[in-house]
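Asks: Here's a sequence, model it:
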Amino acid sequence: MATIGLIGALVFFLGFIASVLMIFSKKRRSKVLASTLVCVVGFVVSFFIFGIFGDRAARNLGWEDMSEQTAAKKHGIEDPSIWKESRDQLLAQQAAEEVVEAETQEADEGDDENTEVVEDVQEPEELAETLAPIETAAAIPQDQENLRIIVENGRSAYLSARNDMQKGASKPTRARELCSHLSMNVNDWRGVVTTLTTNSDGKGILAISVGEDVSVMTWNNAVSDVFDETLIEPGTALYESLLELDVGVEVVFSGTFVRDEENCIRESSLTMRGSMTDPEFIFRFSKVALAD
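Replies: Numbers count the residues shown, from 1 in each chain. Modelled structure (predicted):
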């Protein structure tokens, strides 16, 4: 019935458009006005039917209403029970990021009116030379330094972009550089623990800062982690080793990044700005220990 209502609304809408186009004909004006009124009423009624029966169909499947089902699908969730478990957390996170992005955009626009910002952004062809092996402080592995440089260049390209298209182009450029200069396997990287907690099932949630505004982390909820399996299982040697750590301590860790077609490495931000300026790359930890 919801489908019939939607089709009816579409038919009446097209009829309304046709009536408007014919209203300029003097010979048919009276008939056209009547048909226009019928189309408007029909469209409203059909859309009303679509809403009522769409909600009923959604409730029969276990959803609260059709809008809940639509919101869940945007997050890739088809099961209403899974959506109920993580809905508030996902929506709150999305709302918070949207507020931050809007406030930052307003600040950027205000800065643009008064000053011209010039960023030292490396061109893609210059990046390979920048990423040549170098001596790094505190025994930072070369791959880790490569990630820091690539993220910094992507952030600069995004923030200095003159329009939304240039901002959008900075993301695939960074993805190509990540795939070209970074291994998915990580051995003995160094960082600082920024998140150390569990989800409602007691599975470990861990995030480690590996550079300025760049982190590697597990997912923070079971829904997002269904396929990636990054949450740390209780009873494992890795889980037991985390019990001895605290937020703020420096650690040495190993593991693997989660590959992603769009970003090269899967990244958890809900907005492009968050992804480009403060990326949180999804990671499967295999070993974490206090740094010497």
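Asks: isn't there a helix covering residue 167?
Replies: Yes. Per DSSP: H, G, I helix; E, B strand; the rest coil, residue 167 lies within a helix segment.
Asks: my guess is it meets residue 155, correct?
Replies: No. In this structure, residue 167 is not within contact of residue 155 by C-beta atoms under 8 Å, at 11.2 Å. From N, CA and C alone the C-beta is placed, and that goes for glycine too.
Asks: Settle it for me: which of the two has more neighbours?
Replies: Between residue 167 and residue 155, counted using other C-beta atoms under 10 Å, residue 155 has the larger neighbour count: 21 against 17.
Asks: so which helix or strand takes in the more buried one?
Replies: helix 142-159 (DSSP states H and E).
Asks: ok, longest strand in this structure?
Replies: strand 185-198 (DSSP state E).
Asks: Identify all contacting residues around that one.
Replies: Residues from elsewhere that reach strand 185-198, judged by C-beta atoms under 8 Å, 6 or more residues apart in numbering: 138-141, 143-144, 204-210, 215-217, 220, 242, 245-257, 283, 291.
Asks: in that strand, what counts as buried?
Replies: 186, 189-191, 193, 196, 198 (16 or more other C-beta atoms under 10 Å).
Asks: low-scoring stretches of the stretch 151-292 of the chain, by residue?
Replies: Within the stretch 151-292 of the chain, no stretch has pLDDT under 70.
Asks: can you pull out the helices in it?
Replies: Using DSSP state H, counting those that start in this stretch, the helices assigned to the stretch 151-292 of the chain run over residues 164-181, 237-242, 272-277.
Asks: Which of those helices sits closest to residue 69?
Replies: Residue 69 lies closest to helix 272-277 among the helices of the stretch 151-292 of the chain, at 25.9 Å (C-beta to C-beta).
Asks: Alpha carbons of the closest one, as PDB, please.
Replies: What follows is helix 272-277 as a C-alpha-only set of coordinates in PDB (Å, rounded to 0.1, in the frame of the first residue of the first chain):
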ATOM      1  CA  MET A 272      35.100  14.800   5.600                       C
ATOM      2  CA  ARG A 273      36.500  17.600   7.700                       C
ATOM      3  CA  GLY A 274      37.000  15.200  10.600                       C
ATOM      4  CA  SER A 275      38.600  12.700   8.300                       C
ATOM      5  CA  MET A 276      41.100  15.200   6.900                       C
ATOM      6  CA  THR A 277      42.000  17.200   9.900                       C
END
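Asks: follow-up on the earlier one: report the angle between the longest strand of the chain and helix 142-159.
Replies: Angle of strand 185-198 versus helix 142-159, following axes from the mean of the first three to the mean of the last three C-alpha atoms, to 10 degrees, is 70 degrees.
Asks: Adjacent strands (with direction) for strand 185-198?
Replies: Partners of strand 185-198 in the sheet, by DSSP bridges, are strand 204-211 (antiparallel), strand 250-257 (antiparallel).
Asks: Give me the buried positions along the last one.
Replies: Under the neighbour-count criterion of 16+ other C-beta under 10 Å, strand 250-257 has 251-253, 255, 257 buried.
Asks: which residues are in contact with that strand?
Replies: 182, 184-193, 208, 216, 245, 265-266, 281-292.
Asks: Extract the C-alpha set from that strand and format it as CSV.
Replies: C-alpha atoms of strand 250-257 as CSV (Å, rounded to 0.1, in the frame of the first residue of the first chain):
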residue,chain,number,x,y,z
GLU,A,250,53.7,5.9,26.0
VAL,A,251,53.5,2.4,24.4
VAL,A,252,55.0,0.3,21.7
PHE,A,253,52.4,-1.6,19.6
SER,A,254,52.0,-3.8,16.6
GLY,A,255,49.0,-4.9,14.4
THR,A,256,47.4,-4.3,11.1
PHE,A,257,45.3,-1.5,9.5
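Asks: Okay then, goodbye and thanks.
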